[in-house]
Structure formats: C-alpha cells, structure tokens
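Colleague: here is a sequence with its predicted model. Questions after.
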Amino acid sequence: IEGGTVYPGEGSAHFKVEFRVVVFRPFNGEILEGTLKRADKTGLYVDIGFFSDIFVPEHLMQEPSVFDEDEQLWVWMYEDAKMFMDLEEPVRIRVQG
C-alpha cells in the first residue's frame, strides 16, 4: 500500500492495492481428507486444515451407521464388526451439494 488520495467532499482515503486471493471451491463428488473433530447425534464435524467448519449430517453417512450413546461416537456396522469413527483420526469425505 502506498500513498493514498483524499477526494474532496468524501473525507475518506483511497489507496491502490495489489493482492492475491486463494479460493477454496471443491467440486461436487470430490474426496477430501480431514480429521474428525467432533461427533454428536446430528452428525460429524471435520477439519481439513485451513477450514474447520465441515459438517457431515447423519443421513449422508455411510450406511449402516449408528450413534453410540455410551462412547459418544458414530459407528459404522460393517458385516459383523463395529468400526468406530474415533475423534482426531483421519477421515475421507465426499463433497455433495
């Protein structure tokens, strides 16, 4: 930022600036890798490093998934095994919108 100009009658300063913008716009169907940060009955909250407000609602999770009240975690029932979705573990999510 250099100089600046005050135009008569405005009282505000105008500056010429140069900057770069980074835009995050994943495409529909893209697979993202992140870390599971929080889980509740409504779904999962995922952090992908520079963006931490990703919510995966329960109706979009892999089926059959159930919320374990005792563990406060989501569990994917794979054949006869329970696969717990543990906090702070890496996860992959698919963008849908």
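Modeller: Looks like it came in fine.
Colleague: going forward, measure contacts between C-alpha atoms and count neighbours the same way
Modeller: Noted.
Colleague: tell me what the residue nearest the centre of the chain is bridged to.
Modeller: Nearest to the geometric centre of the chain sits residue 54, at 2.4 Å (C-alpha atoms, centre = their mean). Note on residue 54: beta-bridge partners residue 46, judged by DSSP bridges.
Colleague: wait, it sits on residue 43?
Modeller: No. Using C-alpha atoms under 8 Å, residue 54 is not in contact with residue 43; the gap is 10.5 Å.
Colleague: coming back round to it: against residue 35, how distant is the residue nearest to the centre of the chain?
Modeller: Using C-alpha to C-alpha, to the nearest Å, residue 54 is found at 10 Å from residue 35.
Colleague: mutual contacts of those two, please.
Modeller: The contact sets of residue 54 and residue 35 overlap at 46, 47 (C-alpha atoms under 8 Å, 6 or more residues apart in numbering).
Colleague: touching the helix or strand hosting residue 39 from outside, list them.
Modeller: Taking DSSP states H and E as the criterion, residue 39 maps to strand 31-40. By C-alpha under 8 Å, 6+ apart, the surrounding residues in contact with strand 31-40 are 44-49, 67, 72-74, 85-95.
Colleague: switch the cut-off to 7 Å
Modeller: 44-48, 72-74, 87-95 (C-alpha atoms under 7 Å, 6 or more residues apart in numbering).
Colleague: show the buried residues in those.
Modeller: 44, 45, 46, 47, 48, 73, 74, 87, 91, 93, 94 (16 or more other C-alpha atoms under 10 Å).
Colleague: between these, which is nearest residue 59?
Modeller: residue 44 (10.8 Å; C-alpha to C-alpha).
Colleague: so where does that closest one fall, helix or strand?
Modeller: Assigned by DSSP H and E, residue 44 belongs to strand 43-47.
Colleague: can I get the buried ones among the contacts of strand 31-40 in CSV including distance to residue 22?
Modeller: CSV is the format used below for the buried ones among the contacts of strand 31-40 (distance: C-alpha to C-alpha, whole Å):
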residue, distance to residue 22
44, 26
45, 23
46, 21
47, 18
48, 15
73, 34
74, 33
87, 29
91, 24
93, 22
94, 21
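Colleague: nearest to residue 63, of those?
Modeller: residue 74 (11.2 Å).
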